[in-house]
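Enquirer: Next come a sequence and a model predicted from it.
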Amino acid sequence: AQSVTQPDIHITVSEGASLELRCNYSYGATPYLFWYVQSPGQGLQLLLKYFSGDTLVQGIKGFEAEFKRSQSSFNLRKPSVHWSDAAEYFCAVGATEYGNKLVFGAGTILRVKS
Amino acid sequence: DAMVIQNPRYQVTQFGKPVTLSCSQTLNHNVMYWYQQKSSQAPKLLFHYYDKDFNNEADTPDNFQSRRPNTSFCFLDIRSPGLGDAAMYLCATSQGFQPQHFGDGTRLSIL
């Protein structure tokens, strides 16, 4: 079965600083990979996805992520964080042989200090 | 805008009193999902409908059921809510294996 690890429960960065959120997955073949963001009391919003092709994917709000098969990683990055980026970020993996099931990581809470 | 709408946003029920949460979509997606998200945890899939085919996760309690009367609507029924069922319930939709679109959730409290 697939699984996702987000090793950082909380991260605090200064506004304007760069950001990297880590995500490692476990799956035998090439999975579908996603990053979602959740603000308090809200649903999840898709930031970006990787299905195949170029391993560096661009998303909304200036985010990007890089798929590294050799490291089983799909880390999320942003060059300059804004205060409005404070939220919880979830990495998720899907695989067609498991139907439409997404498995989420435990999430990383991002705090932005001014 | 096409979207996923969950009603109500906040639901309070009594211990053991049946409750129904609703989800509607204007995206015309063929797959609809229900997730349970407890405080400070990741969303956990309860079940999903692929068109009319119902798929239940193995560890979803029998207390939870779902109905999908048509493409646009899906309901989550909790027959006898316990204190442990207090959570945010998220509905999502997708077209096949494309990314899932989430509603804003219903926060369920049990008195």
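Expert: Sure, I can see it.
Enquirer: now could you export just the CA positions of stretch A:86-94 as CSV?
Expert: Taking Å, rounded to 0.1, in the frame of the first residue of the first chain, the C-alpha atoms of stretch A:86-94 are listed here in CSV:
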residue,chain,number,x,y,z
ALA,A,86,0.3,30.6,6.6
ALA,A,87,-1.8,27.4,6.5
GLU,A,88,-1.5,23.6,6.7
TYR,A,89,-0.1,21.8,3.7
PHE,A,90,-0.8,18.2,2.8
CYS,A,91,1.1,16.0,0.4
ALA,A,92,-0.9,13.1,-1.0
VAL,A,93,-0.3,10.1,-3.2
GLY,A,94,-2.7,8.3,-5.5
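Enquirer: Now it: average pLDDT?
Expert: Stretch A:86-94 comes out with an average pLDDT of 95.
Enquirer: Repeat that for stretch B:34-42.
Expert: 92.
Enquirer: And it, end to end?
Expert: Using CA to CA, to the nearest Å, the end-to-end distance of stretch B:34-42 comes to 13 Å.
Enquirer: which residues touch it?
Expert: Stretch B:34-42 is contacted from outside by A:90, A:104-107, B:23, B:43-48, B:64, B:66, B:74, B:76, B:86-92, B:105, using CB atoms under 8 Å, 6 or more residues apart in numbering or on different chains. Any C-beta I mention is one placed from the backbone N, CA and C, and that applies to glycine too.
Enquirer: surely residue A:16 meets residue A:80?
Expert: Yes: Residue A:16 lies in contact with residue A:80 (CB atoms under 8 Å); the separation is 5.4 Å.
Enquirer: Give me the residues contacting stretch A:107-114.
Expert: Under CB under 8 Å, 6+ apart, the answer for stretch A:107-114 is A:6, A:8-15, A:19, A:21-22, A:38, A:81-83, A:85-90, B:40-42.
Enquirer: Could you tell me which of the residues you listed count as buried?
Expert: Buried by 16 or more other CB atoms under 10 Å in any protein chain shown: A:6, A:11, A:13, A:19, A:21-22, A:38, A:81, A:85-90, B:42, out of the contacts of stretch A:107-114.
Enquirer: I am finished for the moment; much appreciated.
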